[in-house]
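**Student:** compute the structure for the input listed below.
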Amino acid sequence: MKKLMIVVACTLALALCSVNAFAQADTLKVDYFANANTAGAPDGTFRVTDPGTYSGGNICASIFVFDPYQELSECCSCLLTPDGLRTLSVNSDLTSNPLTGVTLNTGLIKAVSTIPVNGACPLPTAVKPVAAIRSWGTHIQNSNFAITETASQDATLSSGEITRLAKQCTAVQIVGSGKGICSCGSGD
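**Tutor:** From the prediction side, this is the model:
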């Protein structure tokens, strides 16, 4: 009986590990933006870097921008070299080409650290996550437009979430006719 309990416990532990295979820090970063594309408000920024912790070298920041109704508005994938810094404008790079044509004022940004494909970062329609990304966002607060900056938050990236993100970006690519694709800003 004791042997059976040990086998069950080990099997359960392995199952949990496989479900949360991407639960490592620096794989999925989550941030928000507010007061984007608002008259009189400054532009927010989203900064991503590769701290050089991935032994394979370059990584991609697979970026997914959601509207306040949890619908994917834009997606893209940006190359990051070790110790490089890429700065993306919320207004110009992340919200200027929405799939639906509706310009966003608030929303959510998810950045997944992924492995390049043949040295490039194709649209994130199929991704292989790796723990190796850091990000920060400036936030334009309230009606006074005060600017704050914080590090993006780590979140658990399940295999279901990565599949959902990739499928949504594939749909954007298929139906968008060029709409719904964000751009990679400057730097790196």
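**Student:** residues near T87, how many?
**Tutor:** T87: 17 surrounding residues under other Cβ atoms under 10 Å. Every residue, glycine included, has its C-beta placed from N, CA and C.
**Student:** from R47, how far off is it?
**Tutor:** The gap separating T87 from R47 is 5 Å, by Cβ to Cβ, to the nearest Å.
**Student:** cool, and I174?
**Tutor:** 30 Å.
**Student:** all strands for this structure, in order.
**Tutor:** Under the criterion DSSP state E, the chain contains strands at 28-33, 45-49, 59-66, 72-80, 85-89, 107-114, 134-141, 146-151, 153-154, 186-187.
**Student:** show me the contacts for P42.
**Tutor:** Counting by Cβ atoms under 8 Å, 6 or more residues apart in numbering, P42 touches 140, 145, 147.
**Student:** surely the first one is in contact with A41?
**Tutor:** It stands for I140. Yes - when contacts are counted by Cβ atoms under 8 Å, I140 is listed as touching A41 (5.0 Å).
**Student:** quick one: which of those two has more around it?
**Tutor:** I140 (21 against 18).
**Student:** ok, the more buried one to I147 distance?
**Tutor:** 6 Å.
**Student:** who is the residue lying closest to A25 once chain neighbours are set aside paired with across the strands?
**Tutor:** Leaving aside its sequence neighbours, A25 sits nearest to D154 (Cβ to Cβ, 6 or more residues apart in numbering; 4.9 Å). As for beta bridges, D154 partners with K29 under DSSP bridges.
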